[in-house]
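Asks: sequence? don't have it. structure:
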């Protein structure tokens with residue numbers, strides 16, 4: 001085996017001066033150096049924290065959720081469908097409207113439920129409510 005095959009050589013040793021004399025290579029390298037010099041400074045951790053605070057939307061106390069479901073109940077193709085929803089809407093300082101309901105329809109029966117409450121809020125929860 002050739003002894004030189006396993007000895008690492010630098011680019012200068014294998015082809016001295018060739019990579020420095022190529023004008024296209026020099027021009028490309030100068031372009032890269034210019035781009036690297038013009039690159040913006042890396043973002044620091046404190047700047048990331050500041051950006052998170054600036055761009056994160058302020059929390060809202062309003063809440064709404066809706067689910068719809070449908071699917072077969074048996075191999076013969078009977079369909080069951082259902083819907084659920086909830087809403088929590090604070091207003092006028094310490095008051096809120098809270099409502100929720102669900103409905104299910106299947107081959108033999110329909111059933112549903114709806115609740116609504118109006119009350120005072122403390123710490124984002126309804127403390128005293130009247131439902132109907």
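Replies: All right, it came through fine. Please read all numbers here as calculations on a predicted model, not as lab measurements.

Asks: In stretch 84-99, which residues are buried?
Replies: Within stretch 84-99, the residues scored as buried using 16 or more other Cβ atoms under 10 Å are 84, 88, 90, 96, 98, 99. Using the backbone N, CA and C atoms, a C-beta is placed for each residue, glycine as well.

Asks: So the residue nearest the centre of the chain versus residue 119, what's the distance?
Replies: The centre of the chain sits closest to residue 56, judged by Cα atoms, centre = their mean, with a distance of 12.0 Å. Residue 56 sits 30 Å away from residue 119, going by Cβ to Cβ, to the nearest Å.

Asks: At which residues are the helices of this structure located?
Replies: When secondary structure is read from DSSP state H, the chain shows helices at 11-14, 18-21, 23-38, 45-55.

Asks: Just the pLDDT for residue 85.
Replies: pLDDT recorded at residue 85 is 94.

Asks: Check residue 130 too.
Replies: Looking at residue 130, its pLDDT reads 48.

Asks: Quick check: the farthest pair among the buried residues of stretch 84-99?
Replies: Greatest spatial distance among those (Cβ to Cβ): 84 and 90, at 21.5 Å.

Asks: Find the nearest non-adjacent residue to residue 82, please.
Replies: residue 104 (4.2 Å; Cβ to Cβ, 6 or more residues apart in numbering).

Asks: ok, that neighbour - how many residues close by?
Replies: Neighbour count of residue 104, defined by other Cβ atoms under 10 Å: 15.

Asks: in the sheet, who's paired with it?
Replies: Beta-bridge pairing for residue 104 (DSSP bridges): residue 82, residue 111.

Asks: In contact with it, which residues?
Replies: Contacts for residue 104 (Cβ atoms under 8 Å, 6 or more residues apart in numbering) come out as 80, 81, 82, 110, 111, 112.

Asks: Closest one of the residues you listed to residue 70?
Replies: residue 81 (4.4 Å).

Asks: Please report the distance of the nearest residue to that closest one once chain neighbours are set aside from residue 89.
Replies: Sequence neighbours aside, residue 70 is the residue nearest to residue 81 in space, at 4.4 Å (criterion: Cβ to Cβ, 6+ apart). From residue 70 across to residue 89, the span is 28 Å (Cβ to Cβ).
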